[in-house]
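>>> Here is my input, please return the structure:
(one chain, ligands or ions: 1)
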Amino acid sequence: MSPLPLAGLRVLLGVSGGIAAYKAAELVRRLRDAGAEVRVVLTANAARFVTALTFQALSGHPVRTSLWDESAEAAMGHIELARWADEILIAPASADLLARLAHGHADDLLGTLVLASAAPVSVAPAMNRQMWANAATRANLDLLAARGVRVLGPAAGSQACGETGEGRLLEVDDLVARLVAARGPRMLDGVRVLVSAGPTYEDIDPVRFIGNRSSGRMGFAIAEAAVAAGATVTLVAGPVALATPLGVTRVDVRSACEMRDAVLGAAPAHDVFISAAAVGDYRPAQASASKLKKTGQSRTLELVQNPDILAELGQSAARPLLVGFAAETDELERHAREKLELKGLDLIAANQVGERLGFECADNALLLLWPGGREPLAQADKRVLATALVARVAERLHARGGQSR
Ligand code: CTP
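Residues are numbered from 1 along each chain as shown. Got it, this is the predicted structure:
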């Protein structure tokens with residue numbers, strides 16, 4: 001029988017105030033099922049949503065709710081509890097709790113424990129989608145992530161407030177799985193990954209450009225998945241309206257030429273380049289400095305070809321592991337394999353562009369091809385596909401024997 005994934009692990013579960021607090025009760029069971037020993041701390045607001053008695057029964061230990069609980073301080077004081085923990089998990093983590101953790105508040109028991117403990121800290125945010133998207137929350141999470149706090153989730157979906165969007169607590173099983181994964185060695189620990197994402201805009205004049213329908217979502221999801229796998233990630237992004245994933249260094253560019261300069265400049269310091277950007281193949285031969293006026297006549301726009309960033313890297317001597325994309329409307333596998341060979345790639349992710357798949361939508365389906373192999377990845381959310389793709393990239397990298405050439 002294989003050992004339980006969290007066997008003997010001492011988990012301090014912090015529960016903060018929010019309607020998702022009720023799910024933390026089930027989380028105690030699942031953590032214990034996975035072999036962990038669990039002690040629970042409720043914030044004062046959490047105790048308005050759920051009772052200490054529930055958690056005491058489920059964890060088999062007294063539950064602490066205050067710094068000023070004399071009997072508890074006599075038995076297992078807060079410093080002992082901070083030392084006892086191998087792992088601190090806060091689920092749900094409210095926007096207020098994240099703000100207080102980010103600024104090191106120690107005016108309640110949970111804040112004090114986090115400051116006083118050397119254990120790794122994971123937070124599972126749960127809040128209304130606007131609160132999640134708010135710049136203050138993002139800045140607090142950036143601060144926490146930069147200090148090594150793991151951020152688990154949130155998920156998207158319907159919310160208790162009646163809205164739909166990002167901010168739901170991850171499902172309990174998913175939370176436990178992510179905690180297990182975060183504690184194990186990660187596939188891309190110590191690996192530096194460069195990702196390009198989004199469209200490019202090629203200016204015609206100060207108000208017009210040639211662009212394409214790429215949303216950038218696939219590339220951003222890949223950057224996020226690579227961070228989760230332990231990589232250090234740089235993301236070169238064309239013009240998109242997406243928030244930077246936590247822990248990612250972002251470089252914004254506009255045109256294909258700007259993207260080329262940013263990618264070629266960064267590539268030597270990276271072990272892998274994943275080219276998810278939909279780079280414009282052509283740009284106007286001349287961008288007009290002033291707005292073009294209509295003339296009553298038809299107009300011809302002369303286009304010149306842009307550099308092929310991926311092919312250029314494929315030719316360079318000290319190239320990183322190269323992963324390309326191929327968006328095709330027909331003969332997917334044949335065209336993609338041609339690009340794999342022509343551009344000298346290690347792996348290519350081919351996707352059929354069509355209705356409700358590929359561009360401008362949340363779902364995609366990929367066919368992965370590499371020299372001598374293929375693997376279809378069925379239609380799924382781009383984040384799910386990104387995680388699978390990153391796992392294959394790690395395999396190719398390790399098969400090639402190490403991080404850099
Ligand atoms: N790519 C690139 N630079 C370009 C064009 C494409 O680096 N100027 C990269 C893309 O990021 C992608 C791969 O090459 O990873 C294939 O892109 P795609 O647009 O499918 O193919 P093209 O090479 O542009 O060929 P075509 O448009 O003729 O299908």
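>>> How about the stretch 51-200 of the chain: which residue is closest to the ligand?
S196 (6.2 Å; C-beta to the nearest ligand atom). Any C-beta I mention is one placed from the backbone N, CA and C, and that applies to glycine too.
>>> can you tell me if the longest helix anywhere in the chain touches the ligand.
Assignment by DSSP state H gives helix 382-399 as the longest helix of the chain. No. Helix 382-399 is not in contact with the ligand by C-beta under 6 Å from any ligand atom; minimum separation 12.4 Å.
>>> helices or strands up against that helix?
helix 217-228, strand 272-275, strand 321-328, strand 347-352, strand 363-370, strand 373-381 (3 or more C-beta pairs under 8 Å, 6 or more residues apart in numbering; DSSP states H and E).
>>> W84 reaches V38, doesn't it?
No. Using C-beta atoms under 8 Å, W84 makes no contact with V38, being 11.3 Å away.
>>> what is in contact with these two at once?
Common contacts of W84 and V38 (C-beta atoms under 8 Å, 6 or more residues apart in numbering): L12.
>>> Neighbour count: those two, which is higher?
Shown here are W84 and V38; by other C-beta atoms under 10 Å, V38 has more neighbours (23 against 15).
>>> And stretch 107-120, what's buried?
Across stretch 107-120, burial judged by 16 or more other C-beta atoms under 10 Å covers D108, L109, L110, G111, T112, L113, V114, S117, A119, P120.
>>> do stretch 180-197 as well
Neighbour-count burial for stretch 180-197 [16+ other C-beta under 10 Å]: 180, 182-183, 186-188, 191-197.
>>> domains in the chain, as residue ranges please.
For the chain, automatic domain parsing gives the domain ranges 10-183, 192-399.
>>> now the ones you listed as JSON lines including mean pLDDT?
Shown next, in JSON lines, are the domains of the chain (pLDDT from 0 to 100):
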{"stretch": "domain 10-183", "mean pLDDT": "92"}
{"stretch": "domain 192-399", "mean pLDDT": "93"}
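>>> Turn these into CSV, including distance to P3.
Formatted as CSV, the domains of the chain follow (distance: least, C-beta to C-beta, whole Å):
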stretch, distance to P3
domain 10-183, 7
domain 192-399, 23
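>>> which SSE is R138 in?
In this assignment (DSSP states H and E), R138 forms part of helix 135-146.
>>> Oh, that last question was meant for L53, not what I typed.
Element membership for L53, per DSSP H and E: helix 52-59.
>>> what does that helix contact?
Residues outside helix 52-59 that contact it (C-beta under 8 Å, 6+ apart) are 13, 15, 24-25, 28-29, 32, 38-40, 42, 62-63, 65.
>>> Quick one: mark the members of those that sit in strands.
Among the contacts of helix 52-59, the members falling in strands (DSSP state E) are L13, V15, V38, R39, V40, L42.
>>> neighbours around the first one, how many?
To tie it back to what came earlier, the one meant is L13. If you count neighbours by other C-beta under 10 Å, L13 ends up with 23.
>>> Show me what it bridges to in the sheet.
Beta-bridge pairing of L13 under DSSP bridges involves V40, L89.
>>> which ones are touching it?
Counted by C-beta under 8 Å, 6+ apart, L13 has contacts A24, L27, V28, L31, V38, R39, V40, V41, S59, L89, I90, A91.
>>> The same query, at a cut-off of 7 Å, please.
Residues in contact with L13, defined by C-beta atoms under 7 Å, 6 or more residues apart in numbering, are A24, L27, V28, V38, V40, L89, A91.
>>> Can you tell me which of those has the most neighbours?
Highest neighbour count within the contacts of L13: A24, with 31 neighbours (other C-beta under 10 Å).
>>> How about the residues of the stretch 201-350 of the chain by the ligand?
By C-beta under 6 Å from any ligand atom, the residues of the stretch 201-350 of the chain that approach the ligand are 256, 275, 277, 279, 281, 306, 308-310, 324-327, 339.
>>> ok, and which of the ones in strands among the contacts of helix 52-59 reach the ligand?
Okay, of those, nothing touches the ligand (C-beta under 6 Å from any ligand atom).
>>> right, and A318 touches H270 too?
No. Contact status for A318 versus H270: not in contact, 10.8 Å apart, counting by C-beta atoms under 7 Å.
>>> of those two, who's got more company?
Counted by other C-beta under 10 Å, A318 and H270 do not tie: H270 has more neighbours, with 23 against 8.
>>> how about the nearest residue to that one, chain neighbours excluded?
Using C-beta to C-beta, 6 or more residues apart in numbering and skipping the chain neighbours, the partner closest in space to H270 is L194 (4.1 Å).
>>> Could you figure out how far the host helix or strand of the one you found is turned away from helix 382-399?
Assessed by DSSP H and E, L194 sits inside strand 192-197. Relative orientation of strand 192-197 versus helix 382-399 (axes from the mean of the first three to the mean of the last three C-alpha atoms, to 10 degrees): 140 degrees.
>>> tell me the strands in the stretch 101-250 of the chain, going along the chain?
All strands of the stretch 101-250 of the chain, identified by DSSP state E, counting those that start in this stretch, fall at 121-125, 150-151, 155-158, 164-168, 192-197, 202-205, 208-210, 232-237, 248-252.
>>> Okay, buried residues for the longest helix of the chain please.
382-390, 392-394, 396-397.
>>> Just the closest of the residues you listed to the ligand, please.
Of those, the one sitting nearest to the ligand (C-beta to the nearest ligand atom) turns out to be L389, at 12.4 Å.
>>> Make sure the closest one is actually in contact with I348.
No. The pair L389 and I348 does not pass the contact test of C-beta under 7 Å, sitting 10.8 Å apart.
>>> Quick check: neighbours shared by these two?
Common contact partners of L389 and I348 (C-beta under 7 Å, 6+ apart): none.
>>> still on that earlier bit, just the residues contacting the helix holding R138, thanks.
Residues outside helix 135-146 that contact it (C-beta under 7 Å, 6+ apart): A95, L98, A99, L101, A102, V123, M131, V151, A243, L246, G247.
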